[in-house]
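>>> structure for the following, please:
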Amino acid sequence: MLTILLYLIVMALVGGAIFLAASAVFGRSEELPPLPSGTTATVLPAEGVTGADVDALRFQQVLRGYKASEVDWALHRLGMEIDYLRAQLEQRDSGPGEEALTEPEMLAESEPAPVSERPAGD
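Numbers count the residues shown, from 1 in each chain. As a prediction, the model looks like this:
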């Protein structure tokens, strides 16, 4: 009986030593504080945002968040609009000799999202 008690005490001491060593190496498992309100971990360039920047955005997924395919579709559409507006500005700044690109032509040049990924109408 005394032997079993000694084994249990030794096992508890070894387990405690392993726990303390792991705590010293890996920290105390503290969580990071939440982000301040009005900020996000998602980043965009401060200037010169392009359609590719918007397409590259990804949001944190949460249990009761937005449907990811709808957000991706909307971001893709916004990216196409940004590219269209930048192309119009470049054509306006380059001079009157060039033919203007219309929005339907601009949208036709980009690859549309598959129908399964487009949000359903309300």
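
>>> now for the longest helix along the chain, which elements pack on it?
Taking DSSP state H as the criterion, the chain has its longest helix at helix 68-94. Where contact means 3 or more Cβ pairs under 8 Å, 6 or more residues apart in numbering; DSSP states H and E, helix 68-94 is packed against helix 51-56, helix 103-109. Every C-beta, even on glycine, is put in place using the N, C-alpha and C of the backbone.

>>> rank those helices by pLDDT, which is bottom?
When these are ranked by mean pLDDT, helix 103-109 comes last with a mean of 53.

>>> thinking again about what came up before, check which residues of the longest helix of the chain are buried.
71-73, 75-77, 79-80, 82-84, 87 (16 or more other Cβ atoms under 10 Å).

>>> neighbouring contacts of stretch 49-66?
The contact list for stretch 49-66 (Cβ atoms under 8 Å, 6 or more residues apart in numbering) reads 41-42, 44-45, 68, 71, 75-76, 78-80, 82-83, 86, 110.

>>> from the buried residues of helix 68-94, which two are the most distant?
V71 and A87 (24.7 Å; Cβ to Cβ).

>>> ok, and I4, which helix or strand is that part of?
I4 belongs to helix 2-26 when assigned by DSSP states H and E.

>>> which elements pack onto that helix?
Helix 2-26 packs on no helix or strand, going by 3+ Cβ pairs under 8 Å, 6+ apart.

>>> show me where pLDDT drops low in the chain?
28-30, 32, 35, 38-41, 61-62, 96-122 (pLDDT under 70).

>>> what is the neighbour count of G27?
8 (other Cβ atoms under 10 Å).

>>> check contacts around it.
No contacts exist for G27 under Cβ under 8 Å, 6+ apart.

>>> roughly how far apart are it and L5?
34 Å (Cβ to Cβ, to the nearest Å).

>>> just A46 next, same as before
Taking Cβ to Cβ, one finds A46 at 67 Å from L5.

>>> more neighbours: which of those two?
L5 (9 against 6).

>>> which secondary structure state does Y66 sit in?
Three-state call for Y66 (DSSP: H, G, I helix; E, B strand; the rest coil): coil.

>>> all further residue positions should be reported with the first residue as 653.
Got it, first residue is 653 now, which makes that one Y718.
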